[in-house]
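Novice: got a structure for you, letters missing:
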């Protein structure tokens, strides 16, 4: 898989841009603030419908504009497909595939697949659980696009249920039976969608586990072992069918009803779970050195790349200003690991940051202008 053409309108610093790209390695070189990361961010957005840099869509739209457009022509299995995403902050995004509108923007997911390495990866390892949940769920959606709909349904149910719990704090004494009856309806939906997300995460972690171990050993030989597992306060038995997971979530919600009513929030479910990362039997978060944390982050991304590749097609690899964060040894290990990918897009402040083994096409980015060479 590779991106052949990138078209931007009012995306970040680009009022209008067209860039032709080739398979293999491409490097975008420019000082900070010139717009090089904006280029690769737009490709990440088409693949995941989210940015690897910011949580909302608003910063993605150029100042003074009300919407932004990203268009990508991608070549996959010797066939060319065009995907266009219209970003509308505060409103529903729209998408077209081969210039034909799709019913929902998420119907365009799965066509473009990426793995991105970026300085933000350190927070995936040492930051809040939400960072690790996003890593899992973004990878899930790239492999199984229909799970985007399950995530959306779960988020909708969670929002409605939290609103009911909050309103119930003051009203439950007067009408406790009616509140409990309404909550039971939402409990069922929460467990239905939540169990599907949880089952998919468990399966994904099983597939990632040996790949993370192997990748970490390649990056930091002799400094392991590493372990990854699912961490949940409500899931007591992971070796069950989805129906068993659904029942466990229903039981957990029921057992903590009083706490939820007191706090006005849903306290159990996949939105509160975590990906446990351990090094030499200690949590990476809080115990690992800076270099060890980077090794774990790289191992997770390399494992994701290997897993997506095992599905039959190389994802696009994006290395966004990551070499400046790494020591010489980790630079060399990463360069060696990605050199055989179908398409590698690299951003760097200076060309000296890029390992010598990663040579190919080069662009200079300066004040929003992208020039070859």
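Specialist: Looks like it arrived, so ask away. This is a predicted model, so every value here is computed, not measured.
Novice: contacts, neighbours, all on C-alpha from now
Specialist: Noted.
Novice: doesn't residue 3 fall inside a strand?
Specialist: Yes. Assessed with DSSP: H, G, I helix; E, B strand; the rest coil, residue 3 lies in a strand.
Novice: neighbours of it, how many?
Specialist: 22 (other Cα atoms under 10 Å).
Novice: show me the contacts for it.
Specialist: 21-23, 72-75, 316, 343 (Cα atoms under 8 Å, 6 or more residues apart in numbering).
Novice: ditto for residue 345
Specialist: Contacts of residue 345 by Cα under 8 Å, 6+ apart are 25-28, 40, 316-320.
Novice: could you check the pLDDT of it?
Specialist: Note on residue 345: pLDDT of 96.
Novice: right, and the helix or strand after the helix or strand containing it?
Specialist: Assigned by DSSP states H and E, residue 345 belongs to strand 343-348. Per DSSP H and E, strand 343-348 leads on to strand 361-366 as the next helix or strand towards the C-terminus.
Novice: just to revisit the earlier point, direction included, what does the strand holding residue 345 pair up with?
Specialist: The strands that strand 343-348 pairs with in its sheet are strand 24-29 (parallel), strand 316-320 (parallel) (by DSSP bridges).
Novice: format these as TSV; extra columns: mean pLDDT, mean neighbour count and distance to residue 258.
Specialist: Listed next are these as TSV, based on pLDDT from 0 to 100; neighbours: other Cα atoms under 10 Å; distance: least, Cα to Cα, whole Å:
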stretch	mean pLDDT	mean neighbour count	distance to residue 258
strand 24-29	95	23	55
strand 316-320	95	25	46
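Novice: need these in CSV with distance to residue 35, can you?
Specialist: As requested, those are exported to CSV (distance: least, Cα to Cα, whole Å):
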stretch, distance to residue 35
strand 24-29, 10
strand 316-320, 12
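Novice: quick one: residue 59 and residue 12 touch, right?
Specialist: Yes. Residue 59 lies in contact with residue 12 (Cα atoms under 8 Å); the separation is 7.0 Å.
Novice: who's more crowded, these two?
Specialist: Taking other Cα under 10 Å, residue 59 and residue 12 do not tie; residue 12 has more neighbours (20 against 14).
Novice: give me every residue that touches that one.
Specialist: Contacts of residue 12 (Cα under 8 Å, 6+ apart): 38, 59-63.
Novice: now list the buried members of these.
Specialist: 38, 60-62 (16 or more other Cα atoms under 10 Å).
Novice: quick one: which of the residues you listed is nearest residue 154?
Specialist: Distance to residue 154 across the buried ones among the contacts of residue 12 (Cα to Cα) is lowest for residue 60, with 25.6 Å.
Novice: may I have the phi/psi pair for the closest one?
Specialist: phi -80, psi -20 (degrees, to the nearest 10).
Novice: tell me the spacing between the residue nearest to it when sequence neighbours are not counted and residue 136.
Specialist: Nearest residue to residue 60, sequence neighbours excluded (Cα to Cα, 6 or more residues apart in numbering): residue 12, at 4.9 Å. Residue 12 is 27 Å from residue 136, where distance means Cα to Cα, to the nearest Å.
Novice: and stretch 246-266, which residues are buried?
Specialist: 246-250, 252-253, 257, 260-261, 264-266.
Novice: just the mean pLDDT for that stretch, thanks.
Specialist: 92.
Novice: where does residue 85 sit: helix, strand or coil?
Specialist: strand.
Novice: once you drop chain neighbours, what's closest to it?
Specialist: Per Cα to Cα, 6+ apart, closest to residue 85 is residue 95, 4.5 Å.
Novice: let me know the pLDDT of the one you found.
Specialist: 96.
Novice: wait, what's in contact with it?
Specialist: So residue 95 contacts 83-86, 101-102, 104-105, 108 (Cα under 8 Å, 6+ apart).
Novice: same thing but 10 Å
Specialist: 46, 69-71, 83-87, 101-109 (Cα atoms under 10 Å, 6 or more residues apart in numbering).
Novice: name the residues of the helix or strand that contains it that are buried.
Specialist: Element membership for residue 95, per DSSP H and E: strand 94-97. If you call a residue buried by 16+ other Cα under 10 Å, then strand 94-97 has these buried ones: 94-97.
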